[in-house]
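1. quick one, structure for this:
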Amino acid sequence: MREFKRTDRVADQLQKELAVLIQREVKDPRLGMVTVSGVTVSRDLGYSDVYVTLLGEQEPERIKENLQVLKRAAGFLRSQIAKRIKLRHVPELRFHFDESVVRGQQLSSLIDEAVTTDRARYQDDDDYQDSDPDTDAQQSEKTR
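-> Next comes the predicted model:
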């Protein structure tokens, strides 16, 4: 049994090539800092879904504009890939915005907020217990 399917190998190679091509060859000034976060290829190698993230771009209008630029450049990118990768048929490129990075940042900030809230709550509880005389008496009995 093979460890990697051909579609996985093609997807990895497409991701590497597209990252370089978008950065160096696409000269549209509307295009921001694009990162290719993942590529999936259909079983018949007819289509590839390219997932991109945009550095510092969170507005839906800018995301849509960047995706339109990439969609217009898809034919050029596909021809360049055909020159670099030896395939009988280069998959059609379909670009999508990858929201997982943004969602991960949101979840991370929520976790950080919850941790700081818990620390503050436990700090307040410790301060309350330190000032309680009954607690001090119980603590001294335990040490005896």
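2. any idea which helix or strand of this structure has the worst average confidence?
-> Within the chain, confidence by mean pLDDT, DSSP states H and E is lowest for helix 133-143 among all helices and strands, at a mean of 54.
3. what residues are up against the residue positioned nearest the centre of the chain?
-> For the chain, the residue nearest the mean C-alpha position is V101 (3.0 Å; CA atoms, centre = their mean). Residues counted as contacts of V101 (CB atoms under 8 Å, 6 or more residues apart in numbering) are 37, 53. Every C-beta, even on glycine, is put in place using the N, C-alpha and C of the backbone.
4. where does this structure dip in pLDDT?
-> Along the chain, the model assigns pLDDT under 70 to residues 1-3, 126-144.
5. would you map the strands across it?
-> Taking DSSP state E as the test, the strands found in the chain are 34-41, 47-54, 92-97.
6. quick check: neighbours of the first one in the sheet, parallel or antiparallel?
-> Sheet pairing for strand 34-41, assigned by DSSP bridges, gives strand 47-54 (antiparallel).
7. returning to that earlier point: dump the strands of the chain into a markdown table; add distance to L110 as well.
-> Compiled in a markdown table, those are given as follows (distance: least, CB to CB, whole Å):
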| stretch | distance to L110 |
| --- | --- |
| strand 34-41 | 21 |
| strand 47-54 | 20 |
| strand 92-97 | 21 |
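8. let me have the ones you listed in CSV, extended by mean neighbour count and distance to A82.
-> Conversion of the strands of the chain to CSV gives the following (neighbours: other CB atoms under 10 Å; distance: least, CB to CB, whole Å):
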stretch, mean neighbour count, distance to A82
strand 34-41, 19, 15
strand 47-54, 20, 13
strand 92-97, 18, 11
